[in-house]
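Student: next input, structure requested:
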Amino acid sequence: MHNRSRWSAIVGYSLVGAATQLVWLNFAGVTTVAAARYGVSESAIGWLAQVFPLLYVVLAIPCGLALDRWFRSALIVGAVLTAVGAAVRLIGDDFGWLLAGQILASIAQPLVLNAVTGITGRYLNEKDRPTGIAIGTASIFAGMVIAFLLSAIFTTAASLPTMLVLTAIFCIASALTLAAALRSKAPFDPALTASPHADPTALSTPSTASPTGPAAAAGHALTAGSPATPSDTGEPSHRPVWGALATSWSDPLIRRLCVLALFPFGVFVAMSTFAQALLQPAGVSGATASTILLVQVVAGVLGSATIPILVARHRAESTLLVVSLTATAAACVLLAVAPSTVTAFVAITLIGLLLLPALPIVLELVERRTGEAEGTAAGLIWMAGNLGGLIVAVIVGLLVGHPSAAFLVMAAIALIAVPGARSLRRPIAVLRSQSQP
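Tutor: Numbers count the residues shown, from 1 in each chain. Predicted structure coming up:
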């Protein structure tokens with residue numbers, strides 16, 4: 001194989017990934033101002049963001065299946081829908097057009113985010129894929145940073161239309177950049193690189209004779225076969241689209257990663273949603289809390305762009321997951337027992353630095369494991385993460401009047417996932433050995 005990695009596709013994807021988050025969080029920092037301008041309640045403005053995780057849970061699997069079947073077309077549709085959604089919000093200066101644009105962009109989001117493993121698998125050499133996934137995932141968090149920065153600049157009701165115009169320009173330019181980068185065929189597309197006698201969509205088949213129970217699942221997560229096992233029939237595969245879901249979910253490792261994703265996603269979403277309210281009794285102002293959350297995401301961007309690369313190089317995925325979950329729990333306990341501006345900066349920044357890189361690490365394992373069904377498998381991970389975010393946010397929201405209890409609940413949720421992260425050490429080692437030439 002002498003094909004070179006095409007980083008232009010990763011650049012285009014990264015811009016579109018950032019655009020989805022920018023549209024999602026445009027109003028996160030100007031909720032009160034937006035409510036006054038458009039004549040609606042703050043709760044209504046909140047729904048402009050909440051439609052994204054709600055629709056993601058519903059659309060994650062269908063969008064993953066679409067990416068597995070028509071990757072390039074589905075991804076471009078996602079980029080275009082994001083740009084169209086951003087542009088629709090400019091048609092009229094009222095809440096109805098804002099909501100219409102948000103719904104369009106929220107439909108696009110799973111088409112884009114589920115593609116992070118597919119874009120790297122199709123356009124990068126295997127040695128470059130951990131780096132590509134880290135960059136693609138970091139760009140998603142970078143979009144959050146851009147959204148927070150814009151809301152810090154355009155703080156008045158009169159300036160909101162300018163913020164929306166700049167967002168639309170960014171989204172349109174990102175979609176055009178990605179479309180240009182994807183004009184040629186992907187050099188590492190499984191359908192093009194598979195041997196003439198291989199079934200490019202085949203995944204490992206779980207052993208029907210495997211023992212049951214958690215311990216057995218840990219021991220047999222990967223021993224049932226290697227990913228993308230060729231078919232011996234010599235006939236091309238025409239498996240139904242829904243077969244990708246069946247094969248992804250039947251993989252014990254994918255199921256375990258989905259369960260694991262519930263916990264870090266849940267803590268991050270709950271912390272981002274309620275940090276301001278939970279820290280207010282300790283004398284932390286709203287402006288300071290917003291700055292702390294911005295620093296958290298910046299730390300997460302830096303961590304996501306660097307830590308997964310080092311972890312993949314040293315094969316320390318399980319160790320990093322254990323460390324990040326344990327450190328997150330410790331940070332939440334610190335906030336529970338000694339809340340203050342200083343401890344909030346330290347604890348929440350640490351959470352961003354160590355917890356957010358868990359996402360590209362998990363997605364890189366998914367890409368390495370699933371072969372041509374990576375869109376569906378990534379969709380399962382994102383769906384589980386968004387579901388975890390909704391569940392934990394609801395629990396923490398019920399405790400918003402009791403900050404110490406809320407922080408301790410988040411600490412407990414992080415600790416619950418530690419044994420699962422530790423048990424991944426052996427399956428990951430087997431997966432690494434199977435992927436060696």
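Student: do I have it right that residue 114 meets residue 367?
Tutor: No - in this structure residue 114 lies outside contact range of residue 367 using CB atoms under 8 Å: 11.6 Å. Backbone N, C-alpha and C define where each C-beta goes, glycine included.
Student: which residues are in contact with each of these two?
Tutor: residue 378 (CB atoms under 8 Å, 6 or more residues apart in numbering).
Student: higher neighbour count, these two?
Tutor: residue 114 (33 against 24; other CB atoms under 10 Å).
Student: now do the contacts for that one.
Tutor: Counting by CB under 8 Å, 6+ apart, residue 114 has contacts 60, 63, 64, 67, 375, 378, 379, 382.
Student: now residue 329
Tutor: Contacts of residue 329 by CB under 8 Å, 6+ apart are 411, 412, 414, 415, 418.
Student: ranking by neighbours, what's the top pick from those?
Tutor: Neighbour max across the contacts of residue 329 (other CB under 10 Å) = residue 414, 26 neighbours.
Student: that one: which element?
Tutor: helix 403-416 (DSSP states H and E).
Student: now that helix: buried residues?
Tutor: Under the neighbour-count criterion of 16 or more other CB atoms under 10 Å, helix 403-416 has 403, 406, 407, 408, 409, 410, 411, 413, 414, 415 buried.
Student: check what pLDDT the closest residue to residue 387 other than its chain neighbours gets.
Tutor: Closest residue in space to residue 387, ignoring its immediate chain neighbours: residue 57 at 5.5 Å, by CB to CB, 6 or more residues apart in numbering. Residue 57 is assigned a pLDDT of 82 by the prediction.
Student: confirm for me that residue 57 is in contact with residue 389.
Tutor: No - the criterion here is CB under 8 Å, and residue 57 misses it with residue 389 at 9.5 Å.
Student: higher neighbour count, the two?
Tutor: Remark: of residue 57 and residue 389, residue 389 carries more neighbours, 24 against 17, as counted by other CB under 10 Å.
Student: count residues in the vicinity of the nearest residue to the more buried one once chain neighbours are set aside, would you?
Tutor: Excluding its sequence neighbours, the residue lying closest to residue 389 (CB to CB, 6+ apart) is residue 269, at 3.2 Å. Neighbours of residue 269 under the rule other CB under 10 Å: 20.
Student: just send the contacts of residue 114 back as a markdown table, with distance to residue 173 too.
Tutor: Listed next are these as a markdown table, based on distance: CB to CB, whole Å:
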| residue | distance to residue 173 |
| --- | --- |
| 60 | 27 |
| 63 | 23 |
| 64 | 27 |
| 67 | 23 |
| 375 | 25 |
| 378 | 25 |
| 379 | 27 |
| 382 | 25 |
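Student: that older thread, in JSON lines, list the contacts of residue 329 along with distance to residue 330 and pLDDT.
Tutor: Formatted as JSON lines, these follow (distance: CB to CB, whole Å; pLDDT from 0 to 100):
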{"residue": "411", "distance to residue 330": "8", "pLDDT": "95"}
{"residue": "412", "distance to residue 330": "12", "pLDDT": "95"}
{"residue": "414", "distance to residue 330": "9", "pLDDT": "93"}
{"residue": "415", "distance to residue 330": "9", "pLDDT": "94"}
{"residue": "418", "distance to residue 330": "11", "pLDDT": "93"}
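Student: out of those residues, which is nearest to residue 12?
Tutor: Comparing these against residue 12 with CB to CB picks out residue 414 as the nearest, at 34.7 Å.
Student: isn't the closest one up against residue 332?
Tutor: Yes - counting by CB under 8 Å, residue 414 does reach residue 332; the two are 6.7 Å apart.
Student: about what we covered before: among the contacts of residue 114, who's most crowded?
Tutor: Top of the contacts of residue 114 by neighbour count (other CB under 10 Å): residue 375, with 33 neighbours.
Student: name the SS class of that one, please.
Tutor: The assignment at residue 375 comes out as helix when based on DSSP: H, G, I helix; E, B strand; the rest coil.
Student: quick one: contacts for it?
Tutor: Residue 375 neighbours (CB under 8 Å, 6+ apart): 63-68, 71, 74, 114-115, 117-118, 244.
Student: hmm, try it at 6 Å
Tutor: 64, 67, 68, 114, 118 (CB atoms under 6 Å, 6 or more residues apart in numbering).
Student: residue 40 too?
Tutor: Applying CB under 6 Å, 6+ apart, the residues near residue 40 are residue 95.
Student: and it, how close does it get to residue 378?
Tutor: For residue 40, the distance to residue 378 equals 35 Å [CB to CB, to the nearest Å].
Student: and residue 343, by the same measure?
Tutor: 35 Å.
Student: and what of residue 172?
Tutor: For residue 172, the distance to residue 378 - CB to CB - is 26 Å.
Student: can you check residue 277 too?
Tutor: Taken as CB to CB, the span from residue 277 to residue 378 is 32 Å.
Student: equivalent analysis for residue 23, please.
Tutor: 20 Å.
Student: residue 98 now?
Tutor: Counting by CB to CB - residue 98 and residue 378 are separated by 29 Å.
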